[in-house]
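Participant: Build me a structure from this.
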Amino acid sequence: MSRVLLPGAVLGGRQVTLGVMGGGQLGRMFVHAAQTMGYATAVLDPDATSPAGLVSHHHIQAAYEDPQGLAQLAACSEAITTEFENVPAPALAVLAATRTVSPAAAAVAIAQDRVQEKAHFNRCGVPCALYAVITNAAQLAAVSGDLLPGILKTARMGYDGKGQVRVTSRQALHEAWQSLGGVACVLEKMLPLASECSVIVARGQDGALVNFPVQHNLHRDGILAVTQVIDGLVAPALAAQLVTAACAIAEGLNYVGVLCVEFFVLQDGRWVVNEMAPRPHNSGHYTMDACDQSQFDLQVRTLAGLPLVQPRQHSAAIMLNLLGDLWFRADGKEASPPWDQVLTLPGAHLHLYGKLSARKGRKMGHLNFIAATGTEVRANALHAAAILDIEAF
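Facilitator: Okay, the predicted model is just below:
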């Protein structure tokens, strides 16, 4: 089901409403973007204090597969999206029976399963690291030694480095598989990495495709720490190849919505695809301040059937991920970071997610820096990192 839902339109005596499955920070930023464009919003999330639920017109407090909750979301929304990849795909299929849903349940289901995901990459002609599927003891025993050392990853429910174990021997592989519960896994050969990059694309209901510039990413402990989008940081030829690959992956899914594809760039200049996320992504948060459209603006446009226009980056940008660790002093007591010092720096844009309590490793917000040049933006971002006691990059 698809149709154009114009901003500010009134249907049945109420504003056109866009719904979102999930109430986390990505949902919150989608809600803000939708409201800015004149839409009402509805959030389904079981948490009474979810960041998106707190700022939405409607918050349906229910589990993601609760039939009554899904019926309520469908009743008050003209179109529905998702803000995290592990929302149950069958729930999206239920909603799609009566409402426009993007991305589609089938695309989300592929992104939720590393085995299906890698098969899709192969079908699209996009290179992956060498890998083996392990679902039983026989497949475990048959793993080629060429894949060691490697990284064992659960096929489902892995994110931010969770559900992953590095292994260097067959014994370690056996022990790691047992430690993960003997569930379906993928063993990937470890590769000599030079850098990590990502590409965010948006594909409309009419098949139109647009993309943001290639993002250069730094992860720490499996969690994205820094994204830099500066002219010349990624070679133009490489950037063109990665954009082409990301677009092929979206086209192969007949995807509608915002999609992030992550890549590993190897020391010998080759590259492989790592994974995809069927939603906006942390590495695209810089678009909120450095581009004429943000990734959340494009999420609204794809869901509402509005035209897609190629976004333009107007400033060099760096994004710092803000984890809950920053809220704890050396003595272990909780305290707000010194934002007054950070906000004296030129080009600083602070985005906090409205979470009521900090925990170490919890994503509490992000800090964007923009400037006319890469040198200037790096200087200011590094100054902020020093103030906040974030490791330099």
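
Participant: and Glu376, what does it touch?
Facilitator: Going by CB atoms under 8 Å, 6 or more residues apart in numbering, Glu376 touches 316, 346-347. For glycine as for every other residue, the C-beta is placed from the backbone atoms N, C-alpha and C.

Participant: for the helix or strand where it lies, the distance to its chain's centre please.
Facilitator: Assigned by DSSP states H and E, Glu376 belongs to helix 374-388. Here helix 374-388 is found 24 Å from its chain centre; the criterion is CA atoms, centre = their mean, to the nearest Å.

Participant: For that helix, list every residue counted as buried.
Facilitator: 374, 376-378, 380-385, 388 (16 or more other CB atoms under 10 Å).

Participant: same question for it, mean pLDDT?
Facilitator: Averaged over helix 374-388, pLDDT sits at 98.

Participant: Alpha carbons only: can I get it in PDB?
Facilitator: Below are the C-alpha coordinates for helix 374-388, written out as PDB (Å, rounded to 0.1, in the frame of the first residue of the first chain):
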ATOM      1  CA  GLY A 374      38.400  19.900   7.900                       C
ATOM      2  CA  THR A 375      41.300  21.400   9.800                       C
ATOM      3  CA  GLU A 376      38.900  23.700  11.700                       C
ATOM      4  CA  VAL A 377      36.300  21.100  12.500                       C
ATOM      5  CA  ARG A 378      38.900  18.600  13.700                       C
ATOM      6  CA  ALA A 379      40.500  21.200  16.000                       C
ATOM      7  CA  ASN A 380      37.200  22.000  17.600                       C
ATOM      8  CA  ALA A 381      36.000  18.400  17.900                       C
ATOM      9  CA  LEU A 382      39.300  17.400  19.500                       C
ATOM     10  CA  HIS A 383      39.100  20.300  22.000                       C
ATOM     11  CA  ALA A 384      35.600  19.000  23.000                       C
ATOM     12  CA  ALA A 385      37.000  15.500  23.300                       C
ATOM     13  CA  ALA A 386      39.700  16.800  25.700                       C
ATOM     14  CA  ILE A 387      37.100  18.600  27.800                       C
ATOM     15  CA  LEU A 388      34.900  15.500  28.000                       C
END
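
Participant: Going along the chain, name the helices of the stretch 51-200 of the chain.
Facilitator: 67-76, 89-96, 105-111, 114-123, 137-141, 170-179 (DSSP state H, counting those that start in this stretch).

Participant: Now that we have these, can you turn them into CSV and tack on distance to Phe296 and mean neighbour count?
Facilitator: Output for the helices of the stretch 51-200 of the chain, formatted as CSV (distance: least, CB to CB, whole Å; neighbours: other CB atoms under 10 Å):
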stretch, distance to Phe296, mean neighbour count
helix 67-76, 19, 17
helix 89-96, 19, 19
helix 105-111, 18, 21
helix 114-123, 24, 17
helix 137-141, 41, 13
helix 170-179, 37, 15
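
Participant: Strands along the stretch 201-350 of the chain, start to end?
Facilitator: 209-211, 215-220, 223-229, 257-266, 271-277, 316-323, 348-352 (DSSP state E, counting those that start in this stretch).

Participant: So for Ala109, which of the ones you listed sits nearest?
Facilitator: strand 271-277 (12.5 Å; CB to CB).

Participant: circling back: Ala237: which of the helices of the stretch 51-200 of the chain is closest?
Facilitator: helix 114-123 (20.9 Å).

Participant: and the closest one, what other elements does it pack with?
Facilitator: Packing partners of helix 114-123 (3 or more CB pairs under 8 Å, 6 or more residues apart in numbering; DSSP states H and E): helix 105-111, strand 185-189, helix 236-253, strand 271-277.

Participant: Pick the most deeply packed of these.
Facilitator: For the helices and strands packed on helix 114-123, the largest average neighbour count (mean count of other CB atoms under 10 Å) is found in strand 185-189, namely a mean of 23.

Participant: okay, the angle between it and helix 114-123?
Facilitator: Here the directions of strand 185-189 and helix 114-123 differ by 50 degrees (axes from the mean of the first three to the mean of the last three CA atoms, to 10 degrees).

Participant: Tell me the strands beside strand 185-189, with direction?
Facilitator: strand 131-134 (antiparallel), strand 150-154 (antiparallel) (DSSP bridges).

Participant: Let me know which of those is tucked in deepest.
Facilitator: Mean neighbour count (mean count of other CB under 10 Å) peaks for strand 150-154 among the strands paired with strand 185-189, with a mean of 22.

Participant: List of residues touching that one?
Facilitator: So strand 150-154 is contacted by 114, 134, 163-167, 173, 176-177, 180, 183-190 (CB under 8 Å, 6+ apart).

Participant: sorry, back to before: tell me which of the strands paired with strand 185-189 lies nearest to Gly207.
Facilitator: strand 131-134 (30.6 Å).

Participant: And the average pLDDT for the closest one is what?
Facilitator: Strand 131-134 comes out at a mean pLDDT of 97.

Participant: Fine by me, we can end here.
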